[in-house]
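>>> need coordinates for the below:
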Amino acid sequence: MVAFVPLIIFSQYNSPFHFGKVIIFRSIVEIMLVVYILLIWQNRSYLPRFNKITWGFLAFALAFTLATITSVHAYQSFWGTLERMGGLWTFWHYFIYFIILTSIFRERKDWIFLFKLMAGAGILSALYGFGQKTSSDFFVGGQGRVRIFGTVGNAALFAGYQLLITFLSLTMFVRKEISMREKQLFGSAIILCGIAVMMTAVRGSILALGAGILLYAGLYAWTSNSKMAKKVLLSLISTFFVFIVLAVLLRGSGVIKTGYLERITNFSPNNFTVKTRFWTWAAGINGWNDSLKTIIIGWGPENFNIPFSKHFNPNFYTGPGSETMFDRAHNMFVEVLVTMGLIGLLGYLSIFWFSLRKLWTKLKTETEDRPVIIGLISIFVAYIIHNCFIFDTSANFITFFSILGFVSLVGNTDIESIRNYKKPNKIIFGFIAIVLSISTLILIYKTNVIPTYANYANTRGIIAGWGVQNTSLTSINDKTRIQKYFDEAIKKFKESIAYGVPGKYEYRNKIAQFILDTIPRASYIDGYEEALGYTIGEVQKNVEDFPQDYLPELYLSRLYITLGKSDAKSPYNDQALAHSLRALEISPTFVRTYYEVGQAYLNKKDYLKAQEYFAKAVELNPNVGTSLWYLASVKYQLSDKEGAADLAEKALKLGFSISESDYLRIVQIFLDVKNNDRVAWAIEELTKISPDNAQYWASAAVAYSRIGQIDKAIESAKTATRIDPKFEAEARIFVQSLGRQW
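Modelled structure (predicted):
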């Protein structure tokens, strides 16, 4: 059953590709643990067998535990986030799974059967990914995706899962005792999963795939002394070398035109995605260096966002929609170092060290199983390379720890034979079995079933929220529908929060986002202010529970700004300011926080203070058009019209995307400084936004006449008249004033 967990998708839930996998996996492991305890009570030959690999895994699990106990946010370290479903509680399930696996599986045929199932699941996941290239609604996340993500939900994470299945299948394929059916299965997995890795266009994973293939060919050629193997190795090296040379020479020449080829051949450090990875790692390392405690035991699992925010690089923020919240380091080794310190990193590295050392020793002494040993070494090396650019989640962990279990038992001769032990008292055994079973069912219900209810309720709230935002306002019935959707959304959001289960942090933030998104329609909704008050109370709990997290502070700031926007003396503005300034203490270089501070001061009509904070946002990253525009708007309020016009010009050159009301303000700014070219341009943009607005066309006619574009002026005047005949008399006079006939 565990082999097929990577195929699970809870499509109607938050975190659809991770939540369901972990919930089902934990439930299976908890049931297995009860049966395993009862088994070893009857037959102690099934007790866990420890070797260096097992001790390394246990050391990492204990380091994980220590880092959780001392975590800056222990609750989150223990339960994990809703998005990734990690945390200590889940991680110990992986260790228990590993222990049971290595204790129960005594023969190679057991492992081969498990790996057959895993290869089959990998093929199905790859085929699902291929389906995402189609327009079928059956495939979640499909509709012609450029980069597939299969059943894992993220291209890079999916690539890691498929990478493991590819090399696992290769390892099983080269066994001497393989049957024809097994060849067909594992051969298909090698081809399909390898293609799936390529179709993700994840450069780190493609590099890992290539390096793993080269390593396998190299080790095989070295150990077998085969001339054919050496020729294959030279061919592979030549192919990779030619690919790299052509990628460097042809990039930017116009020969490489497809998005896929452009992406996989762009490994320049100047690439924005590549730069964000370096910035993320740098922020994490800087956070790791903050104190002796963080150096030794880290910030706590699932808390990478804290040091990342504290040392945020302002270059991340390029405007609205920028990815500015990294909850993972996108490098498993940096992730472990930052969140679990040196102790955690040593524990994590020990898993790879003991595994590769054992395999290398076997490679030098083994002859019959040498191809299998080479395959296993290739798995670990490819996975290490892949993990230098991404992190692990459930599908990858399940597959990797299954392979690790097999490696830990390679060549073992100390397996105790099954023999009869003194049987436990039947009454006591039965009583304990019942107690354990009932306790486990309660545990599953509390930690897996109830969180599922909460998650589902929250998504019902989100869907109802879409109804509020997407319903038109053309009739009285529309208002009734909006009210119905709003009431349903609030009911479901409250329900999800009331369960009080892990994920409540995200559920509180979800209702806050809904309330903010609903602001434009608040006047049509009864009970909006009451819901706003409830939301503020819930987000305040996030502030108290996660004092080093700036996001709840920003949500509170924005909610209070909403309450205080109509009254400069409102105490809500002071509260908004207090929360935004607290967010600034947590993350002093986060650009968007300066917008919140500035907005609070705008509400208070304190334009000088607003200007100060918008100016600081510009200083942090002068290439963000949004910051320049906000500063321009404040300068205009302070009658610095030249300064406002200059900043507005720079914002526009940076591609700042603005609304209709912003264009109207731009028109006024450039009118005041007599920049007629920009006035004409802004009004032209307004006619594109609202082509049926006769006044815009009439204004465009005047603007064009001022810059000498007479034909455009006349055409605009006639367009205004066609839209609204009331403009005809004035338009005729205007055209005649230009020396033309109507």
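
>>> need the contact list for residue 70.
293, 297, 300 (Cβ atoms under 8 Å, 6 or more residues apart in numbering). For every residue, glycine as well, the C-beta is placed using N, CA and C.

>>> next helix or strand past the helix or strand bottoming out on mean pLDDT in the chain?
Of the helices and strands making up the chain, the lowest-confidence element is helix 259-264, at a mean of 67, by mean pLDDT, DSSP states H and E. Counting by DSSP states H and E, the element after helix 259-264 in chain order, helix or strand, is helix 272-288.

>>> shaky segments in the chain?
Within the chain, the ranges that satisfy pLDDT under 70 run 247-268, 411-421.

>>> same thing but 50
Within the chain, no stretch has pLDDT under 50.

>>> any idea how it splits into domains?
Domain ranges of the chain: 1-104+268-423, 108-200, 691-742, per automatic domain parsing.

>>> for the stretch 1-150 of the chain, what spans make up the strands?
Taking DSSP state E, counting those that start in this stretch, the stretch 1-150 of the chain contains no strands at all.

>>> the helices in it, which residues?
With helices called from DSSP state H, counting those that start in this stretch, the stretch 1-150 of the chain shows them at 19-42, 52-69, 74-79, 88-104, 108-131.

>>> need the contact partners of the fourth one.
Meaning helix 88-104. 2, 22, 25-26, 29-30, 32-33, 36, 40, 46-49, 54, 57-58, 61, 64-65, 68, 77-80, 110, 114, 301, 394, 397-398, 401-402, 404-405, 408-409, 447.

>>> what do you get if the cut-off is 6 Å, keeping everything else the same?
Here helix 88-104 makes contact (Cβ atoms under 6 Å, 6 or more residues apart in numbering) with 22, 26, 29, 32-33, 36, 46, 48, 61, 64, 68, 78-80, 397, 401, 405, 408-409.

>>> what does stretch 637-645 contact?
Stretch 637-645 has contacts (Cβ under 6 Å, 6+ apart) with 607, 632, 635-636, 669, 672-673.

>>> go again with 7 Å.
607, 611, 632, 635-636, 669-670, 672-673, 675 (Cβ atoms under 7 Å, 6 or more residues apart in numbering).

>>> Throw the residues you listed into TSV and include secondary structure and distance to residue 548, thanks.
As requested, the contacts of stretch 637-645 are arranged in TSV below (DSSP: H, G, I helix; E, B strand; the rest coil; distance: Cβ to Cβ, whole Å):
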residue	secondary structure	distance to residue 548
607	helix	32
611	helix	30
632	helix	34
635	helix	35
636	helix	37
669	helix	41
670	helix	45
672	helix	45
673	coil	46
675	coil	47
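
>>> what's the ChimeraX syntax to select whichever of these are buried?
Listed next is the ChimeraX selection for buried residues among the contacts of stretch 637-645, using 16 or more other Cβ atoms under 10 Å:
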select :607,611,632,635,636,669,670,673,675
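
>>> ok, residue 630 touching residue 596?
No. The criterion here is Cβ atoms under 7 Å, and residue 630 misses it with residue 596 at 11.1 Å.

>>> sort out which residues of the helix or strand residue 232 falls within are buried, please.
Residue 232 belongs to helix 227-250 when assigned by DSSP H and E. Neighbour-count burial for helix 227-250, counted by 16+ other Cβ under 10 Å, picks out 229-230, 233, 236.

>>> by contact count, what packs against it?
For helix 227-250, the packing partners by 3 or more Cβ pairs under 7 Å, 6 or more residues apart in numbering; DSSP states H and E come out as helix 203-224.

>>> can I get the helix it packs on in CSV, CA atoms only?
This file holds the C-alpha atoms of helix 203-224, laid out as CSV (Å, rounded to 0.1, in the frame of the first residue of the first chain):
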residue,chain,number,x,y,z
ARG,A,203,17.9,21.6,-14.6
GLY,A,204,19.3,20.2,-11.3
SER,A,205,17.4,17.0,-11.8
ILE,A,206,18.4,16.6,-15.4
LEU,A,207,22.0,17.2,-14.3
ALA,A,208,21.5,14.5,-11.6
LEU,A,209,20.1,12.1,-14.3
GLY,A,210,23.0,12.7,-16.6
ALA,A,211,25.6,12.4,-13.8
GLY,A,212,24.0,9.2,-12.5
ILE,A,213,24.1,7.6,-16.0
LEU,A,214,27.7,8.6,-16.5
LEU,A,215,28.7,7.3,-13.0
TYR,A,216,27.0,4.0,-13.7
ALA,A,217,28.7,3.6,-17.1
GLY,A,218,32.0,4.6,-15.6
LEU,A,219,31.9,2.2,-12.7
TYR,A,220,30.7,-0.6,-14.9
ALA,A,221,33.5,0.0,-17.4
TRP,A,222,36.1,0.2,-14.6
THR,A,223,34.9,-3.0,-12.8
SER,A,224,34.1,-5.1,-15.8
